[in-house]
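S.K.: give me a 3D structure for the following:
(one chain, ligands or ions: 1)
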Amino acid sequence: MSAQLSNDTVAPRLLEVEGLSASYGRSRVLHGVDFSVGRGEAVTLLGRNGMGKSTCLKCVMGMLRAQGGDIRLDGQSIRGRPSHMVARSGIGLVPEGRQVFPTLTVEENLLATAANRHRAPEPYGLERVYEFFPRLRERRRNMGNQLSGGEQQMLAIGRALMTNPRLLILDEATEGLAPLVREDIWRVLRRLAESGMSMIVVDKNLGPLLDLAHRHYVMEKGRVVWAGDSPSLRQDAAVVEEYLGV
Ligand SMILES: Nc1ncnc2c1ncn2[C@@H]1O[C@H](COP(=O)(O)OP(=O)(O)OP(=O)(O)O)[C@@H](O)[C@H]1O
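M.R.: This is a model prediction of the structure:
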């Protein structure tokens with residue numbers, strides 16, 4: 001990691017999280033978490049339930065106040081920014097539980113999020129989202145609550161894309177979906193990664209994550225206990241067994 005840190009001083013990575021600590025009430029759940037995402041890199045946060053992955057994402061998104069440490073996007077601190085400003089800075093969240101607007105159509109859902117857009121040279125519009133998700137084009141006049149779970153997930157990803165993210169964050173994007181639908185979602189995420197989208201992915205399915213992501217951070221009780229690339233994690237059966245219980 002030291003070689004990586006010395007690189008960071010030359011050119012900041014896209015996202016740098018350093019010494020992050022956070023609590024819920026009096027209970028501290030993050031104890032100095034460090035991780036980073038390079039441009040065009042897909043990174044995962046791994047670990048069993050309750051280890052602090054979602055809390056890290058909430059702090060990055062400005063949905064929970066970080067108590068210590070720093071969060072930098074392109075070298076600039078975004079710690080303490082409200083979430084709509086974080087979105088406008090270029091971080092798009094696909095939240096756990098999807099949270100699509102049930103009484104808006106697919107198209108209205110997509111356009112509603114575009115209000116918080118980050119300015120980009122090649123902005124995402126409806127057409128570009130529909131290219132990734134032809135199914136959403138077919139369903140564009142349907143209400144959010146008329147969609148299947150998989151379609152809602154596609155819409156949640158489409159909505160995040162409409163903000164023109166520099167960094168896309170996905171929290172449990174395949175949870176509760178049938179295996180074939182999951183595979184559709186993984187396929188789209190691989191296409192996005194291949195298109196150069198920087199991503200943080202939190203998910204329980206290690207196999208597809210090893211194919212999708214370049215690097216991984218394993219969390220245990222609010223700390224990063226292992227960091228490395230996909231080939232190293234594939235080979236490290238002890239880490240997988242001890243911290244991921246697979
Ligand atoms: N709103 C909250 N209020 C109080 N404690 C919370 C809250 N949300 C999470 N926690 C606690 O914080 C710790 C970290 O939870 P977090 O949701 O970040 O874990 P996680 O690794 O994302 O796991 P999961 O996959 O279960 O979401 C856990 O002990 C959890 O019980």
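S.K.: now Arg28: how far from Pro102?
M.R.: According to CB to CB, to the nearest Å, Arg28 stands 36 Å off from Pro102. For the C-beta atoms, the positions are set from N, CA and C on the backbone; glycine is no exception.
S.K.: try Gly125
M.R.: Gly125 sits 24 Å away from Pro102, going by CB to CB.
S.K.: what residues does this protein put near the ligand?
M.R.: Taking CB under 6 Å from any ligand atom as the criterion, the chain approaches the ligand at residues 24, 29, 47, 49-55.
S.K.: can you pull the contacts of Gly32?
M.R.: Neighbour list for Gly32: 19-21, 68-69, 223 [criterion: CB atoms under 8 Å, 6 or more residues apart in numbering].
S.K.: what's the helix ranked longest in the chain packed up against?
M.R.: Longest helix in the chain by number of residues, with DSSP state H as the criterion: helix 179-194. Helices and strands touching helix 179-194, as assessed by 3 or more CB pairs under 8 Å, 6 or more residues apart in numbering; DSSP states H and E, comprise helix 126-132, helix 149-161, strand 198-202, helix 206-212.
S.K.: which one of the ones you listed lies closest to Gly38?
M.R.: strand 198-202 (7.2 Å; CB to CB).
S.K.: tell me the mean pLDDT for the closest one?
M.R.: Averaged across strand 198-202, the pLDDT comes to 97.
S.K.: what lines up beside it in the sheet?
M.R.: The pairing partners recorded for strand 198-202 under DSSP bridges are strand 42-46 (parallel), strand 167-171 (parallel).
S.K.: between these, which one is nearest to Gly245?
M.R.: Nearest of the strands paired with strand 198-202 (CB to CB): strand 42-46, 10.7 Å.
S.K.: what segments of the chain are helices?
M.R.: 2-10, 53-60, 83-89, 106-113, 126-132, 134-138, 149-161, 179-194, 206-212, 230-235, 237-239.
S.K.: show me what the last one is in contact with.
M.R.: Spelled out, that is helix 237-239. Identification of contacts with helix 237-239 by CB under 8 Å, 6+ apart yields 218, 226, 233.
S.K.: and for the longest one?
M.R.: Counting contacts by CB under 8 Å, 6+ apart, the residues outside helix 179-194 that touch it are 42, 132-133, 148-150, 153-154, 157, 168, 170, 173-174, 177, 199, 201, 205, 208, 211-213.
S.K.: just the buried subset of these, written out for ChimeraX, thanks.
M.R.: The ChimeraX selection below is limited to those of these classed as buried (16 or more other CB atoms under 10 Å):
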select :42,132,133,150,153,154,157,168,170,173,174,177,199,201,205,208,212,213
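S.K.: just the buried ones out of the contacts of Gly32, please.
M.R.: By 16+ other CB under 10 Å, the contacts of Gly32 give 20-21, 69 as buried.
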